[in-house]
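1. Sharing a sequence plus its predicted fold:
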Amino acid sequence: MTIRILLIILFLTLQSCDKGLSPELADINPGFGGTITFIGDWDKEVTRTHVVLFKSPLLSKEDFNAFNLKYVSDSITSESNSYNFNTNDESLLSNVSPDDYSYLAVAQSRTETLSLNREDWKIVGLYFNANDSTKPGTLEIPEDSFVNNIDIVCDFNNPPMQPPGGDDLSNILESIINSQLDFQKLNRNK
């Protein structure tokens with residue numbers, strides 16, 4: 001009788017196992033991947049281009065920092081038409097885990113050495129959530145999941161809005177100053 005009860009308990013235990021240690025689940029590295037598509041002419045002065053991921057939004061120049069930065073792809077070859085990336089492939093930095101991320105972009109720099117100074121980088125492509133290209137998209141990486149088709153279009157003729165602290169602000173200020181100078185010249189010539 002005791003052996004029969006043990007066999008029934010063993011049978012029920014084996015039946016209730018729900019693949020908790022299944023090899024299929026153990027092989028999944030959480031992360032994401034996709035394709036970057038480039039449209040237009042590359043800036044000849046660009047020395048490096050990378051896919052970058054930040055945990056928190058870039059609301060100030062100070063948010064562009066090493067603690068907030070979670071992924072940096074290998075350098076993308078200039079003049080590329082497209083680039084496939086995967087956070088589980090070789091990269092400069094990959095600290096991606098199941099979580100929500102606030103800022104995924106393609107960034108370019110003209111500096112010779114790798115820099116974490118915000119003013120050294122220009123955002124040329126930005127990940128948006130479906131049907132909303134007005135603000136950066138939130139990238140959600142669930143537990144035990146790899147998210148595919150995280151694609152970004154980099155249109156060099158129509159770059160996205162720059163986060164705070166970049167050269168876009170200085171370009172806007174320079175444009176305003178030049179407009180004022182042109183207006184003053186025009187008034188002097190009258």
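-> Thanks, I have it. The structure displayed is predicted, hence computed values, not measured ones.

2. which residue is nearest the centroid of this structure?
-> Centrality entry for the chain: nearest residue to the mean C-alpha point is Leu104, 2.4 Å, by Cα atoms, centre = their mean.

3. Tell me how far the nearest residue to it once chain neighbours are set aside lies from Val96.
-> Using Cβ to Cβ, 6 or more residues apart in numbering and skipping the chain neighbours, the partner closest in space to Leu104 is Tyr127 (3.8 Å). Yep, even glycine has a C-beta here, placed from its N, CA and C like the rest. In this structure, Tyr127 and Val96 are 14 Å apart, going by Cβ to Cβ, to the nearest Å.

4. ok, so what distance separates Asp120 from Pro30?
-> Taking Cβ to Cβ as the criterion, Asp120 is separated from Pro30 by 30 Å.

5. Oops, could you answer that again for Lys122 instead?
-> Applying Cβ to Cβ, the value for Lys122 to Pro30 is 30 Å.

6. on that earlier part again, isn't the residue nearest to Leu104 right up against Ile152?
-> Yes - with contacts defined as Cβ atoms under 8 Å, Tyr127 counts as touching Ile152 at a distance of 5.4 Å.

7. Check which element follows the longest strand along the chain along the chain.
-> Identified as the longest strand of the chain according to DSSP state E is strand 31-39. Helices and strands here follow DSSP states H and E; after strand 31-39, the next one along the chain is strand 48-54.

8. Now tell me what touches that following strand from outside.
-> Identification of contacts with strand 48-54 by Cβ atoms under 8 Å, 6 or more residues apart in numbering yields 36, 63-64, 68-76, 78, 83, 85, 92, 96, 101-109, 111, 114, 124, 139, 152.
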